[in-house]
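Undergrad: Structure of the sequence below:
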Amino acid sequence: MAKFKLNAESKAWIAYDAGNSAFATTIVAAFFPIFYKEFWSSGVDSLVSASYYSWTLTFSNLALLFTAPIIGSITDLSRTTKRLFTGFTLISIICVALLFTLELGAWFQALIFFGIANYCFSAGNILYDKMLVQIAPQSQLTRISSLGFAFGYLGGGVLFLVNAIMTLYPESFGLSGASEAIRWSFIMVSIWWGFFLIPLVLHYKDRGSALYQKSLINESSKQVFITLKNISEHKNAFLFLLAFFLYIDGVHTVMALASTFALNLGLDSSAVIIGLILVQFVAFPSTLIWSRLAAKYGDRWVINISILVYIAIIIYSTTLSSAIEFYILAAGVGSVQGGIQACSRSLFGKLVPKEKTGEFFGFFNTFGKAGAFIGPALVAIFITLFDSITIAFIPIIILFITGGIIMLKIKEPNETSE
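TA: Next comes the predicted model:
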């Protein structure tokens, strides 16, 4: 098989992950929950504020649950992938920048801006995932998908490291304190994200027909229902979506709520930041290693091994009581997070019909965000019922186990050279 050479379009696609990962890392995983708890929700009970944050994630992801397939279908019916992707991304970038303007106690406005940014970030990723299938030969899906996640962790990790140093040593940067450093990190994420958006906008070539003449929303909605009705024809893709719906719940919930979990256990914000830096720089080489293992054993094998590791991580989380133990947990998460995400995306790309990639990746993100909707809701319910953060992740184990069982029924297609 001839070696595939990355072209400008593929390189721009991979590079973009280094930009949008800054949102996932600096904002979602680290500084938003920290600043929200310690600054914006000052004076609000810590468990109540954690519950509000979980419900914000729930409502944001629930909105995507109902719109993702339609967004994907619209771009299958018209040449709008690039413009919709760019629009969603710019809205998210602006909302992140607006967080800089909020003052002490502005928890409600902070959650509104964050909820919109989180929705648009995820909506844009529907189209970003669709681009992967369009620009990569099927035999290179796992490789390019893994490179995207790997350099995403590296790029997002580099900016997060800079922001973390600013927060830990604000005087060295001429800042008054950690609060001002975190506020400036929101601006830096927006600039960083926008910078890495530019090459993809310039190099990505939109596929598909010219703008559809009829109502795009009506026609795409009809097409979504037709696909739902006939989805059983694509048995492997359908089974994968069911499994993905379950196990990605745990992945997204751990990613989004790890900081809140650690802070409410009594760990210092500096320990949480160090742990999250560790996740990024463990994830970079680990994702590349999982890519090589997937090439040898298959994407499904990598996903199933990762599920077992996540179950062990959740059990271990119930025993946390120190920063060192949190660092061990962070390293464990970093070792599998990129692998399970990259192999999930590439395996699904091999299972779907190419002419319906947008619509099917809409379902992919719908099922993924449905999991992210259930996970935070379960965490919020457990916090409320048991008045304890320690056991909050326990119900996620059931979803990992059930997802893993369904994965055993999926047949992975043989890769073809191109």
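Undergrad: Low-confidence stretches in the stretch 1-150 of the chain?
TA: 1-4 (pLDDT under 70).
Undergrad: repeat that with 90
TA: 1-8, 24-26, 28-81, 103-106, 122, 125-127, 129-143, 145-146, 149 (pLDDT under 90).
Undergrad: the helices in it, which residues?
TA: For the stretch 1-150 of the chain, the helices defined by DSSP state H, counting those that start in this stretch cover 8-22, 32-35, 46-77, 81-98, 107-135, 141-168.
Undergrad: would you turn these into JSON lines with mean neighbour count and distance to Ala258?
TA: (Glycine included, C-beta is placed from N, CA and C.) As requested, the helices of the stretch 1-150 of the chain are exported to JSON lines (neighbours: other C-beta atoms under 10 Å; distance: least, C-beta to C-beta, whole Å):
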{"stretch": "helix 8-22", "mean neighbour count": "23", "distance to Ala258": "16"}
{"stretch": "helix 32-35", "mean neighbour count": "24", "distance to Ala258": "9"}
{"stretch": "helix 46-77", "mean neighbour count": "21", "distance to Ala258": "12"}
{"stretch": "helix 81-98", "mean neighbour count": "20", "distance to Ala258": "20"}
{"stretch": "helix 107-135", "mean neighbour count": "22", "distance to Ala258": "16"}
{"stretch": "helix 141-168", "mean neighbour count": "23", "distance to Ala258": "14"}
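Undergrad: Nearest to Leu200, out of these?
TA: Proximity to Leu200, assessed across these by C-beta to C-beta, is greatest for helix 8-22 (4.5 Å).
Undergrad: what's the closest of the helices of the stretch 1-150 of the chain to Phe400?
TA: For those, proximity to Phe400 was assessed by C-beta to C-beta; helix 46-77 is nearest, at 18.3 Å.
Undergrad: If you count contacts, what does the closest one end up packed against?
TA: When contacts are defined as 3 or more C-beta pairs under 8 Å, 6 or more residues apart in numbering; DSSP states H and E, helix 46-77 packs onto helix 81-98, helix 107-135, helix 216-230, helix 235-264, helix 357-386.
Undergrad: Please convert the helices of the stretch 1-150 of the chain to JSON lines, extending it with distance to Ser322.
TA: Formatted as JSON lines, the helices of the stretch 1-150 of the chain follow (distance: least, C-beta to C-beta, whole Å):
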{"stretch": "helix 8-22", "distance to Ser322": "28"}
{"stretch": "helix 32-35", "distance to Ser322": "19"}
{"stretch": "helix 46-77", "distance to Ser322": "19"}
{"stretch": "helix 81-98", "distance to Ser322": "32"}
{"stretch": "helix 107-135", "distance to Ser322": "29"}
{"stretch": "helix 141-168", "distance to Ser322": "19"}
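Undergrad: Of the ones you listed, which is nearest Ile198?
TA: Closest among the helices of the stretch 1-150 of the chain, using C-beta to C-beta: helix 8-22, at 8.8 Å.
Undergrad: ok, residues contacting the closest one?
TA: Contacts to helix 8-22, defined as C-beta atoms under 8 Å, 6 or more residues apart in numbering, come from residues 6, 89, 121, 124-125, 128, 131-132, 135-136, 144, 147-149, 151-157, 159-160, 189, 192-197, 199-200, 202-205.
Undergrad: ok, now with 6 Å
TA: 131, 135, 147-148, 151-152, 155-156, 159, 189, 192-193, 196-197, 199-200, 203-204 (C-beta atoms under 6 Å, 6 or more residues apart in numbering).
Undergrad: Between helix 81-98 and it, find me the angle.
TA: 30 degrees (axes from the mean of the first three to the mean of the last three C-alpha atoms, to 10 degrees).
Undergrad: Please save the CA atoms from helix 8-22 in PDB.
TA: The C-alpha trace of helix 8-22 is given here as PDB (Å, rounded to 0.1, in the frame of the first residue of the first chain):
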ATOM      1  CA  ALA A   8      -2.700  21.100   3.000                       C
ATOM      2  CA  GLU A   9      -6.400  20.300   3.600                       C
ATOM      3  CA  SER A  10      -5.500  17.400   6.000                       C
ATOM      4  CA  LYS A  11      -2.800  19.400   7.800                       C
ATOM      5  CA  ALA A  12      -5.300  22.300   8.300                       C
ATOM      6  CA  TRP A  13      -7.900  19.900   9.600                       C
ATOM      7  CA  ILE A  14      -5.400  18.400  12.100                       C
ATOM      8  CA  ALA A  15      -4.100  21.800  13.200                       C
ATOM      9  CA  TYR A  16      -7.600  23.100  13.900                       C
ATOM     10  CA  ASP A  17      -7.900  20.500  16.800                       C
ATOM     11  CA  ALA A  18      -5.000  22.300  18.500                       C
ATOM     12  CA  GLY A  19      -7.200  25.400  18.500                       C
ATOM     13  CA  ASN A  20     -10.600  24.100  19.600                       C
ATOM     14  CA  SER A  21      -9.000  21.900  22.200                       C
ATOM     15  CA  ALA A  22      -8.100  25.000  24.100                       C
END
